[in-house]
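Student: Any chance you can model this:
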Amino acid sequence: MAGRVWITLLITVLAVCAGLESTSAQSDFDHFTTGFRLEGSHQLAECEACHTDGIFAGTPSSCRGCHTEAGHVEATVRPQFHMTTTDRCDACHRPVAWLPVTRVDHLEVHGACISCHSGSKAGGKPPDHVPANDQCDNCHRTTAWAPAVFDHAGIVAGCAACHNGMLARGKPVDHIPATNLCEDCHSTVMFSMVARVDHLQVIGTCSSCHNGVIASGQHPAHAQTAAECDACHTTVSWR
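Tutor: Model (predicted):
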């Protein structure tokens, strides 16, 4: 009986020693020599999770080789709600953990901006955004949302909807009294250097602008009069 106990103990000790030797040999192996460094969560994976059927040669080293439904091994795959992208997972994710994603490489993203920047998958237009269509890349860049350069192409009216002093720069304090039809005098290329003033949009009397400060007024040789300009002149031409 005692002999059997000693035999059992001896077998147990030998098994433990063999396990320790195997573990030591495994821990001493430099996986980077294979061309694939074990980082993050990959360090915790069992060898057989990637090297199936005891086959080491030909094991894929790219993310898509494993992390796809048709991958070489059973590994986590892209969820159904993932944005439309290429299979280069490492362009955005890190081997430490899938989440959080600190940076999205937009070179790997397919589709229009609005397909992600809709307010659900990624931040969308804020409530105070200027009235615009969903072509984000007309004004914004993938490097940063701000500063944005607004693309006025196709806009011929409704300037005051944005240029109201809140959403975008509005009329300055020294602007001539006028309606809010900015486009009747200004162009989308440049607000300054107004080539023509549409007097139909000007509010007030002629002398409120033609006073020698805002606009040209009576010249020194002008006949002395207290009458308003339009008593003799027209907005088509002074003469």
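Student: Let me see the contact set for the residue nearest the centre of the chain.
Tutor: Most central in the chain under CA atoms, centre = their mean is residue 142, positioned 4.6 Å from the mean C-alpha point. Neighbour list for residue 142: residue 106 [criterion: CB atoms under 8 Å, 6 or more residues apart in numbering]. The C-beta positions use only the backbone N, C-alpha and C, and glycine is treated the same way.
Student: Now the phi/psi pair for it, please.
Tutor: Note on residue 142: its backbone torsions stand at phi -70, psi -20 [degrees, to the nearest 10].
Student: Use 256 as the first number for this chain going forward.
Tutor: New numbering, starting at 256: the last item is residue 397.
Student: any idea how far it is from residue 361?
Tutor: Note on residue 397: its distance to residue 361, by CB to CB, to the nearest Å, is 4 Å.
Student: Over to residue 387?
Tutor: For residue 387, the distance to residue 361 - CB to CB - is 20 Å.
Student: quick one: the residue lying closest to residue 306 once chain neighbours are set aside from residue 305, how far?
Tutor: If the residues on either side of it in the chain are set aside, residue 306 comes closest to residue 314, at 5.7 Å by CB to CB, 6 or more residues apart in numbering. As judged by CB to CB, residue 314 and residue 305 stand 6 Å apart.
Student: of the two, who's got more company?
Tutor: Between residue 314 and residue 305, counted using other CB atoms under 10 Å, residue 305 has the larger neighbour count: 19 against 15.
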